[in-house]
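> just coords:
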């Protein structure tokens with residue numbers, strides 16, 4: 001504040017001296033100071049109208065517990081060098097509603113572009129909305145500061161769980177099978193009919209190779225996986241918040257704590273990612289279903305590859321847990337629609353429940 005008021009204090013002192021002494025030099029100095037202030041104000045205004053900034057994000061989807069960068073691309077539309085640019089970006093956590101402000105300063109030559117980078121850590125799963133909140137420039141004497149026009153667009157970043165942390169896949173409904181020679185079932189090989197085998201073709205996954213038959217025939221033989229829907233496995237995600245039945249006060253307290261307990265939410269997201277990824281890598285195509293109370297709909301994803309798994313997780317992190325019986329109707333609809341499928345249920349507390357609906 002004192003730095004901004006300094007030139008005007010000097011101007012006021014010069015004005016007083018010019019009035020009292022009435023000397024030509026003092027009057028000249030007063031006029032020079034007034035002219036300098038006018039020029040600096042005009043320069044700051046001119047620069048503010050020709051400076052543009054825009055958020056640049058290299059990765060829209062990142063994984064938890066690793067740093068990431070947010071860039072602001074600044075363009076100088078004038079031939080004048082910019083002595084000082086001040087930037088401030090706002091990063092809002094869509095789950096907790098908390099906002100983080102990150103600030104930085106930069107210099108930029110005339111008619112050039114530059115990127116100011118901010119490095120942050122992805123501590124939790126969820127979604128971040130990033131926007132350029134403020135961009136200001138000063139004149140070359142640093143007297144006047146003007147705000148530049150910034151776009152109102154918001155860029156989103158989705159933070160997903162890390163790589164799967166469990167090694168063993170979810171066990172299949174047939175825990176043990178016999179192969180065509182009567183041996184014990186081994187991981188990655190199941191009893192198949194000869195009509196379900198064919199010769200290996202370029203592009204086939206090695207996970208589908210039947211190694212025993214291939215060894216006997218001296219040709220690589222793969223199993224026809226068929227339609228993934230034939231697996232008839234449903235991974236149901238119960239997003240209902242845990243509640244204490246003692247009183248309404250306790251229910252609200254527990255629900256509030258569960259809503260903002262990011263650690264529990266991260267564990268839940270990691271568990272869903274691990275289970276679904278293990279099933280997919282084990283050749284078990286499956287559906288992932290949950291009730292979205294906010295939008296009054298049922299979210300359904302068919303998981304057949306890594307991309308479909310990523311799409312499902314991106315939608316899940318943006319879905320709010322629900323309290324009470326608000327989504328009971330949606331839950332009944334889910335159970336009725338997929339009554340013939342094996343259901344594996346995962347709740348927010350990390351419990352895994354397997355059942356067969358009839």
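Arrived safely, thanks for sending. If you're wondering where the values come from, they're calculated on a predicted model, not measured in any experiment.
> could I get the phi/psi values of residue 39?
Backbone torsions for residue 39, taken as degrees, to the nearest 10, come to phi -60, psi -40.
> and this structure, what are its domains?
As assigned by automatic domain parsing, the chain contains the domains 1-33, 51-160, 228-356.
> hmm, which helix or strand of the protein has the shakiest average pLDDT?
When the helices and strands of the chain are scored by mean pLDDT, DSSP states H and E, helix 248-260 comes last with a mean of 45.
> so which bits of the following helix or strand past that helix are buried?
Once the chain leaves helix 248-260, the next helix or strand it forms, by DSSP states H and E, is helix 262-281. Using 16 or more other Cβ atoms under 10 Å as the test for burial, helix 262-281 gives 264-280. C-betas here are computed from N, CA, C, even on glycine.
> in the stretch 251-358 of the chain, which spans are strands?
Shown for the stretch 251-358 of the chain, the strands assigned by DSSP state E, counting those that start in this stretch span residues 286-292, 297-303, 342-347, 352-356.
> which residues touch the second one?
This points to strand 297-303. For strand 297-303, contacts defined as Cβ atoms under 8 Å, 6 or more residues apart in numbering pick out 228-229, 235, 276, 279-280, 285-292, 308-309, 311-312, 315-316, 319, 330, 333-334, 337.
> identify the residue nearest the geometric centre of the protein.
residue 158 (1.1 Å; Cα atoms, centre = their mean).
> just want the angle from the helix or strand hosting that one to helix 262-281.
Assigned by DSSP H and E, residue 158 belongs to strand 155-160. Angle between the axes of strand 155-160 and helix 262-281 is 70 degrees (criterion: axes from the mean of the first three to the mean of the last three Cα atoms, to 10 degrees).
> show residues contacting strand 155-160.
Residues from elsewhere that reach strand 155-160 (Cβ under 8 Å, 6+ apart): 55, 57, 59-64, 68, 70, 122, 124-131, 269, 273, 310, 313-314, 317-318.
> select only the buried ones of these in ChimeraX?
The buried subset of the contacts of strand 155-160, as determined by 16+ other Cβ under 10 Å, is captured in ChimeraX by this line:
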select :55,62,64,68,70,122,124,125,126,128,130,131,269,273,313,314,317
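> tell me the pLDDT at residue 244?
On the pLDDT scale, residue 244 is placed at 52.
> with residue 122 instead?
90.
> likewise the one 4 residues further on?
Residue-level confidence at residue 126 comes out at 92, pLDDT.
> give the bridge partners for it, please.
Beta-bridge pairing for residue 126 (DSSP bridges): residue 159.
> now do it against residue 314, distance only.
Using Cβ to Cβ, to the nearest Å, one obtains 11 Å as the distance from residue 126 to residue 314.
> same check, this time on residue 40
For residue 40, the distance to residue 314 equals 49 Å [Cβ to Cβ].
> equivalent analysis for residue 117, please.
Applying Cβ to Cβ, the value for residue 117 to residue 314 is 24 Å.
> what do you get for residue 217?
43 Å.
> repeat for residue 337
23 Å.
> ditto for residue 335
26 Å.
> residue 137 too?
Residue 137 sits 37 Å away from residue 314 when distances are taken as Cβ to Cβ.
> and for residue 240?
Residue 240 is 22 Å from residue 314, by Cβ to Cβ.
> and residue 80, by the same measure?
For residue 80, the distance to residue 314 equals 44 Å [Cβ to Cβ].
> next: residue 83.
Between residue 83 and residue 314 the distance is 42 Å, computed by Cβ to Cβ.
> contacts only, for the closest residue to residue 305 other than its chain neighbours.
Closest residue to residue 305 apart from its sequence neighbours, by Cβ to Cβ, 6 or more residues apart in numbering: residue 280 at 6.9 Å. Applying Cβ under 8 Å, 6+ apart to residue 280 gives the contacts 286, 303-306, 309.
> what do you get if the cut-off is 7 Å, keeping everything else the same?
When contacts are counted by Cβ atoms under 7 Å, 6 or more residues apart in numbering, residue 280 touches 303, 305, 309.
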